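Visitor: Next one to model:
(one chain, ligands or ions: 2)
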Amino acid sequence: MRVTQLLIPTTKETPNDATLMSHIYLIRGGFIGGVGSGLYNFLPLGKRVLDKIRNVVKEELDRAGCQEVSLGFVTPASLWQESGRYEKYGKELLRFKDRKNNDFVLGPTHEEMMVNLVKQSVKSYKALPLNLYQINLKFRDEIRPRFGLMRGREFLMKDGYSFHSSEADMKREFALMEETYKKIFTRLGLEFRVVEADSGAIGGSGSKEFMVLAQSGEDTIAVCDECEYGANIEAAVRAPKKCGVAPPEADFAKFYTPETTTIEELSRFFKVDPFYLIKCVAKKALYDDGVSKVVLFALRGSEMLQEVKACNAVDANELVELSEEELAQSGLIAGFMGPIGLPDSIKLVLDEMLRDGNHLICGANEREYHQIGVDLSGFEGLYKDIASVQEGDSCLHCGGALRYTKGIEVGHIFQLGTRYSEPLKAEYLDENGKAKPFVMGTYGIGVSRLLAAIIEQHHDEKGCIWTKESAPFALEIIVSNTKDEQQSALAEEIYTALRSKGVEVLLDDRSERFGFKMKDFELIGVPSALIIGKNIEEGKVELVKRDGLVSELLDLSNIVERVMERL
Ligand code: ATP
Ligand code: MG
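Guide: Ligands and ions are numbered 1, 2, ... in the order given. Next up, the predicted model:
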């Protein structure tokens with residue numbers, strides 16, 4: 001392709017709302033153009049990269065035995081009502097009506113649609129297992145669309161769903177998908193970690209996320225320095241913790257603690273390690289049909305509440321803050337809350353680390369008072385892991401130190417079981433002619449997000465540095481001075497020869513200054529540039545690698561082979 005014929009509107013202007021380098025460079029390099037909040041057009045360069053990524057995804061999935069289909073983007077609401085998600089999904093789900101007043105949604109994910117497809121077409125166990133996927137548009141009315149392609153409202157996702165006649169076979173496929181995803185992200189040149197993820201209400205350890213390591217990532221992941229363990233902070237676990245400081249031994253008593261409301265103040269007041277204090281966090285848990293409940297989460301003062309774990313602990317749809325009024329109504333007193341002697345209307349959840357805890361100090365549920373000498377041995381209640389793993393905590397598997405790192409979620413695989421097949425009555429007949437719900441797995445990749453993730457990990461202060469399999473072109477030929485006929489003719493010759501060998505070449509044949517064209521090369525980030533300039537008088541051309549901008553003079557003899565060896 002020739003730059004003179006391509007639409008590549010590069011610009012020096014940084015978009016106002018862009019903070020991430022991938023967002024800035026994708027706009028400045030003419031890959032994408034914004035249309036509205038979280039909505040983007042793909043221009044020719046962006047479309048080429050998108051297709052590259054899509055092909056890698058497709059090749060690996062097809063090799064693993066998956067079959068590509070394409071489902072409707074507009075989805076009847078009835079399927080969502082059957083699965084129960086029409087109510088549950090919240091405002092991310094865009095609902096609308098057609099002219100006959102029928103309800104529809106724009107698919108944010110396609111479990112219902114795919115289950116429906118299989119329900120219509122598979123009757124017998126003989127057709128199983130089956131792994132169907134599509135690479136298609138999704139729409140989520142995200143509360144904060146931002147960071148360009150990273151969190152769009154309309155975006156391209158690969159979503160796959162597998163159907164099995166047993167849990168064991170689903171687990172086999174899950175493992176195969178994990179391996180397949182690793183191949184995909186490795187081919188795309190990404191440094192990533194496979195981490196354990198929050199499985200929401202479904203629970204279990206059947207969910208893994210693929211995180212591209214990048215400082216700009218929105219997800220915090222805990223990783224072990226010594227073993228392979230990694231988990232999203234929402235799901236991370238650690239070895240039991242101890243405290244090196246002696247406990248504050250005391251008899252059970254109420255203690256006057258005026259204006260001592262925070263863990264820090266309390267720790268100072270009693271000269272006690274926060275490990276021996278009980279921190280209480282009150283929240284309102286929201287359920288279906290507008291039902292809500294006040295929950296008190298209690299954990300050691302040294303720990304932090306992990307909201308996703310907390311939400312799962314009470315099977316809620318969401319946890320929200322209590323207003324001052326609601327807090328007062330519930331009978332709780334901010335700063336003096338404790339697990340003992342709570343009103344019946346309040347649900348209590350204790351962190352696992354408090355089980356059988358002794359020599360503790362907690363709020364007395366009375367203004368200005370705390371309880372000391374609290375012994376929870378035998379204290380009955382709902383104990384759950386609701387605390388956040390902290391840096392320096394020990395790995396449950398090997399005892400190594402855990403640390404935080406940031407990641408961009410580019411893939412998520414999930415053992416679903418019969419979560420959708422049961423409510424949607426999607427069944428097959430087993431060997432004995434008995435109807436059974438399909439056992440399912442689901443597997444997603446953020447295909448358009450990958451463009452952003454690749455650039456977050458591969459860029460410098462000048463622009464994009466595409467990896468080999470994601471690059472829009474393998475090579476860019478830059479004619480230093482287009483007025484020089486010899487240079488132009490040679491460039492044309494090499495361009496044609498390389499193209500005939502199947503190399504994807506971009507020829508910058510514009511009559512712009514060399515420096516200007518070089519800047520565009522650096523911004524666009526094609527992996528290599530071949531510069532045809534004055535050196536040709538000595539029989540040489542210059543090959544510049546975009547990564548590190550290292551250059552090498554190449555002899556013109558057998559130039560096509562020489563270049564191809566280096567791509
Ligand atoms: P996130 O936590 O980032 O919102 P999610 O858990 O909602 O992601 P899934 O429902 O698992 O995501 O979707 C599968 C994949 O689709 C994700 O791993 C991610 O790569 C991608 N994805 C999700 N939401 C968006 C979005 N708004 N824009 C672009 N890609 C997205
Ligand atoms: Mg999301």
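Visitor: Closest residue of this structure to ligand 1?
Guide: In the chain, the residue that lies nearest ligand 1 is G446 (2.2 Å; Cβ to the nearest ligand atom). (Glycine included, C-beta is placed from N, CA and C.)
Visitor: Name the residue closest to the centre of the protein, please.
Guide: With distances taken as Cα atoms, centre = their mean, E409 lies nearest the centre of the chain, 2.0 Å away.
Visitor: Run the chain-centre distance for the worst-scoring helix or strand of the chain on mean pLDDT.
Guide: None of the helices or strands of the chain scores lower by mean pLDDT, DSSP states H and E than helix 85-88, at a mean of 86. Put simply, helix 85-88 sits 22 Å off its chain's centre (Cα atoms, centre = their mean, to the nearest Å).
Visitor: same check, this time on stretch 467-484
Guide: Mean-position distance between stretch 467-484 and its chain equals 33 Å (Cα atoms, centre = their mean).
Visitor: List the buried residues for it?
Guide: 467, 469-480, 482, 484 (16 or more other Cβ atoms under 10 Å).
Visitor: what does this protein have sitting close to ligand 1?
Guide: 109, 140, 142, 151-152, 155, 157, 409-412, 444, 446, 448-449 (Cβ under 6 Å from any ligand atom).
Visitor: Number of residues surrounding D344?
Guide: Using other Cβ atoms under 10 Å, D344 has 6 neighbouring residues.
Visitor: can you tell me how far it sits from L567?
Guide: D344 sits at a distance of 72 Å from L567 (criterion: Cβ to Cβ, to the nearest Å).
Visitor: How about G290?
Guide: Note on G290: its distance to L567, by Cβ to Cβ, is 61 Å.
Visitor: Same question for G446.
Guide: Remark: distance between G446 and L567 (Cβ to Cβ) = 28 Å.
Visitor: which of these two has more neighbours?
Guide: Of the pair G446 and L567, G446 is the one with more neighbours under other Cβ under 10 Å, namely 25 against 16.
Visitor: Okay, and the beta partners of that one?
Guide: M157 (DSSP bridges).
Visitor: Do you know the pLDDT at it?
Guide: We have a pLDDT of 98 for G446.
Visitor: ok, now E228?
Guide: pLDDT, E228: 88.
Visitor: which ones are touching it?
Guide: For E228, no contacting residues are found, by Cβ atoms under 8 Å, 6 or more residues apart in numbering.
Visitor: how about the helices in the protein?
Guide: Assigned by DSSP state H, the chain shows helices spanning 21-28, 44-63, 77-83, 85-88, 111-121, 167-187, 263-270, 307-313, 324-330, 447-457, 485-500, 514-524, 559-566.
Visitor: So C66 versus K119, what's the distance?
Guide: To K119, C66 is 19 Å away according to Cβ to Cβ.
Visitor: again, but for E209
Guide: Distance, E209 to K119, by Cβ to Cβ: 29 Å.
Visitor: neighbour count winner among these two?
Guide: Counted by other Cβ under 10 Å, E209 and K119 do not tie: E209 has more neighbours, with 26 against 17.
Visitor: Just list whatever residues bridge to that one.
Guide: V195, H412.
Visitor: Show me where the stretch 101-250 of the chain has its strands.
Guide: Taking DSSP state E, counting those that start in this stretch as the test, the strands found in the stretch 101-250 of the chain are 103-106, 130-139, 154-164, 192-196, 207-213, 219-224, 230-232.
Visitor: Which one, of the ones you listed, ends up nearest to S551?
Guide: Closest to S551 of the strands of the stretch 101-250 of the chain, according to Cβ to Cβ: strand 207-213, at 29.2 Å.
Visitor: tell me the angle of the closest one relative to strand 192-196?
Guide: Angle between the axes of strand 207-213 and strand 192-196 is 150 degrees (criterion: axes from the mean of the first three to the mean of the last three Cα atoms, to 10 degrees).
Visitor: contact partners of strand 207-213?
Guide: By Cβ under 8 Å, 6+ apart, strand 207-213 touches 178, 181-182, 185, 190-199, 217, 219, 221, 230, 232, 235, 405-415, 445, 453, 456-457.
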